[in-house]
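Engineer: When you get a sec, could you give me coordinates for this:
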Amino acid sequence: MHVAIAGNIGAGKTTLTKLLSKHYRWEAQFEDVVDNPYLDDFYTQMERWSFNLQIYFLNSRFRQILEIRESGKKIIQDRTIYEDAHIFAPNLHAMGLMTNRDFENYSSLFELMESLVQPPDLLIYLRSDISNLVAQIHKRGREYENSISIDYLSRLNERYEAWIHGYTKGKLLIIDVDRLDFVDNPEDLGEVINKVDAEIHGLF
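Structural biologist: Here you go, the predicted model:
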């Protein structure tokens, strides 16, 4: 079984991945931000490094999906391959931070990869407003994220909502994280787990 968590920067994907992994005893797969050789450069010079960064993420997530399916384990994944292709890369292109040539090359590669992989059995989308995202980003204090603008987050949020609105690849659970504190409030975590339970039991 493959469960994936999607959401904007600061929505709480990694935190919820850890919590659900512990509760269900699922193996967790995380986004490669620690060893990513492009992130620091990207946030200081987006136009120069956008294509390199997106290719790195695409490669990393494609490899993850192949490993997930081959393992036969129950796995929960922090962020999906679809978010790069439907949200981050098109946003960089629209902002003039990725050239037409690079974007077409990237899109062609994604389409090829997409034809070879299966979507997650359950996609959990963490919906959040901008003020909450900003607060969470500041709270975790990653240095390379200090330069993220509210305009950039807003553009991403709009694309997330459009993508989720048209998502038809499988089961989808939307969780409004603005009113939930699943880190410090056990009742809120329990509410999330109950919703996940309801979706999972429909998978079998």
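Engineer: Next, count neighbours for Ala6.
Structural biologist: 26 (other CB atoms under 10 Å). Placement of C-beta: from N, CA and C, glycine included.
Engineer: If you average the pLDDT over the strand or helix carrying it, what comes out?
Structural biologist: Element membership of Ala6, judged by DSSP states H and E, is strand 2-7. For strand 2-7, the mean pLDDT works out to 96.
Engineer: any idea which helix or strand comes after that strand?
Structural biologist: Using DSSP H and E, the next helix or strand after strand 2-7 towards the C-terminus is helix 13-24.
Engineer: Next, the angle strand 2-7 makes with that following helix.
Structural biologist: 150 degrees (axes from the mean of the first three to the mean of the last three CA atoms, to 10 degrees).
Engineer: For helix 13-24, name the packing helices and strands.
Structural biologist: strand 2-7, strand 27-29, strand 75-78, strand 122-127, helix 186-200 (3 or more CB pairs under 8 Å, 6 or more residues apart in numbering; DSSP states H and E).
Engineer: Which of the helices and strands in the protein ranks last by mean pLDDT?
Structural biologist: Within the chain, confidence by mean pLDDT, DSSP states H and E is lowest for helix 130-140 among all helices and strands, at a mean of 82.
Engineer: helices or strands next to that helix in the packing?
Structural biologist: Applying 3+ CB pairs under 8 Å, 6+ apart, one finds that helix 130-140 contacts helix 150-165.
Engineer: could you give the angle of the helix it packs on to helix 130-140?
Structural biologist: 110 degrees.
Engineer: Could you list the buried residues of helix 150-165?
Structural biologist: 152-153, 155-157, 159-160, 163-164 (16 or more other CB atoms under 10 Å).
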